[in-house]
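S.K.: one predicted model, sequence on top.
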Amino acid sequence: MCTETEMEFKAHIEKLVGAANWSKWKRQIELLLRHHDVHDVVCGDRECPRLPAEASAEGIAAYEKAQKAFIKDDSLAQLILMGNMDDSNAELTSVCNTAKSVGEKLLSVYEQSSGQRLDRLMEKFFRSEKELEDDIASHIAKLQRNFSKLNDELRRVAKTTLPDLLLMSRIMSTLPSEYFEFKSVWESVPIEERSVNKLTERLRLIEMKLPSKSTDSTALVATRKKVFKKPERKCYVCRKPGHLAKDCWKKGSKPKVEGDAFVCTVEGVPESEVWIADSGASGDAKDSQICDGCCYGKQSRRPFGTRKQMATTPGELINIDVCGPMQQQSLGGAKYYVCFKDDFTKYRRVFFMQSKNEVSKCLETFLNEAKNTGHTIKEVLSDGGG
């Protein structure tokens, strides 16, 4: 017979009617079974004790006591399960004799096999994306729910679970582009200090600072003034529209004809004020056959010569190039970098700098590194940009 406390718990659980409320019902029943310490009987973690082959009187007494306690817990678990399902599901599990068999029967009907369910949960977790209508808290809650289901199935099938670091990594990978800068900030947090709650709290703060979606999606509506069409007037002389009586040709005036006319005038201009049309120079221009500007503009730089001999040993020739300044500085404040490249081995060494003045210091460091590895720098080639 159920106790008053148990009946109070049952009153808050909707009966199992089918696949529509299976997930919610399963979660509520698990909590109720754990409350009565019989969940391990249903999931199979606690089995009916067995009598040892050569048991003493005390062993037999202990066995009978443990068996009686197990049968009592198993009956309580079956009562909780059967009392919270409709008649069709009760009929479905009527052939089951233990609480474990009842649970397995329901799982076989409303869930896939262990392998199929595990594959489905993994696919759902690793393919989840943030919906546009979801805020960041709702999105993380969905991922946490899928992650919990996946861990429950892994715990049941493979006796293992996934770490929370995987959940946090999955949350970061599903963030939209507005959170791009936060990803670099979160990567700088030590691993031992990271947690899902801390990640959720920081993402919520960023979400509150972002502009609302309503302002971004508001459509701009262009309005224009209403133009009232004036009635077209008619000439009272010829009774035709398009002109007034004062312009009517029947009254004595001819219709106006629009056209283009080219007019020019001839005017005497002193010779000293004549401008040359092709160059804009005045009449004082000298008759020089050599134009300095044209000479400079038509000049071309001689091509660089090719090296006839290539480097044959490490350190024989080092190419140096400086790049910068960059529009966006790095997290360390660098806006330049210098690259040292060995012509023979193609080995490259890059130094990041805040200003060009650090090139000499970087070169000194590179020379010391080469010396420590047993190589001597013989020649350095640069375009003079450093």
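M.R.: Received the coordinates, thanks. Residues are numbered from 1 along each chain as shown.
S.K.: helices along the chain, start to end?
M.R.: When secondary structure is read from DSSP state H, the chain shows helices at 4-10, 22-35, 39-43, 57-82, 87-92, 99-110, 114-126, 136-157, 164-173, 180-187, 196-209, 213-216, 292-297, 359-372.
S.K.: ranking those by mean neighbour count, which comes first?
M.R.: Of the helices of the chain, the one with the most neighbours on average (mean count of other C-beta atoms under 10 Å) is helix 39-43, at a mean of 20. C-beta: built from backbone N, CA, C; applies to glycine.
S.K.: identify the residues contacting it?
M.R.: Under the criterion C-beta atoms under 8 Å, 6 or more residues apart in numbering, residues 30, 33, 46, 70, 73-74, 77, 81, 99-100, 102-103, 156 lie in contact with helix 39-43.
S.K.: report the two of these separated the most.
M.R.: Farthest pair in the contacts of helix 39-43 (C-beta to C-beta) is F70 and R156. Separation: 20.8 Å.
S.K.: just checking, I377 touches A370?
M.R.: Yes: the pair I377 and A370 qualifies as a contact (C-beta atoms under 8 Å) at a distance of 5.5 Å.
S.K.: which neighbours do these two share?
M.R.: G315.
S.K.: sorry, back to before: closest to R170 out of the contacts of helix 39-43?
M.R.: So of the contacts of helix 39-43, ranked by how close each gets to R170 (C-beta to C-beta), first place is R156, at 21.3 Å.
S.K.: ok, back up a step: can you add distance to E123 and pLDDT and give the contacts of helix 39-43 back as CSV?
M.R.: Shown next, in CSV, are those (distance: C-beta to C-beta, whole Å; pLDDT from 0 to 100):
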residue, distance to E123, pLDDT
E30, 24, 87
L33, 29, 88
R46, 32, 85
F70, 38, 88
D73, 37, 90
D74, 36, 90
A77, 32, 90
L81, 30, 89
A99, 31, 89
K100, 29, 89
V102, 29, 89
G103, 25, 87
R156, 18, 75
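S.K.: kindly reformat these as TSV and extend each row with distance to D247.
M.R.: Supplementary listing: the contacts of helix 39-43 in TSV, determined by distance: C-beta to C-beta, whole Å:
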residue	distance to D247
E30	95
L33	101
R46	110
F70	115
D73	111
D74	110
A77	105
L81	101
A99	106
K100	106
V102	102
G103	100
R156	98
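S.K.: and those residues, which is closest to D343?
M.R.: The nearest member of those to D343, counting by C-beta to C-beta, is R156 at 61.9 Å.
S.K.: how close does that closest one sit to C43?
M.R.: Shown here: R156 relative to C43, a distance of 7 Å by C-beta to C-beta, to the nearest Å.
S.K.: what do you get for E131?
M.R.: Distance from E131 to C43, by C-beta to C-beta: 33 Å.
S.K.: same question for E364.
M.R.: In this structure, E364 lies at 68 Å from C43, with C-beta to C-beta as the measure.
S.K.: now F147, nearest residue through space, not along the chain?
M.R.: In space, and not counting its chain neighbours, F147 is closest to L167: 4.8 Å by C-beta to C-beta, 6 or more residues apart in numbering.
S.K.: cool, and F344?
M.R.: Taking C-beta to C-beta, 6+ apart, and ignoring the residues beside it in sequence, F344 has A311 as its nearest neighbour in space, at 4.1 Å.
S.K.: ok, the one you found - contacts?
M.R.: Contact partners of A311, counting by C-beta under 8 Å, 6+ apart, are 317, 342-344.
S.K.: ok, those residues vs S382, which is closest?
M.R.: The shortest distance between S382 and any of those, using C-beta to C-beta, involves L317 and amounts to 11.4 Å.
S.K.: what bits of the stretch 51-200 of the chain have low per-residue confidence?
M.R.: Low-confidence segments of the stretch 51-200 of the chain (pLDDT under 70): 112-115.
S.K.: run the last query once more with 90
M.R.: Under the criterion of pLDDT under 90, the regions of the stretch 51-200 of the chain flagged as low confidence span 51-71, 78, 80-97, 99-136, 145-146, 148-161, 175-193.
S.K.: again, but for the stretch 201-350 of the chain
M.R.: 202, 205-318, 323-334, 343-347.
S.K.: mind doing that once more with 80?
M.R.: The model of the stretch 201-350 of the chain has pLDDT under 80 over residues 211-234, 236-237, 239-293, 296, 301-309.
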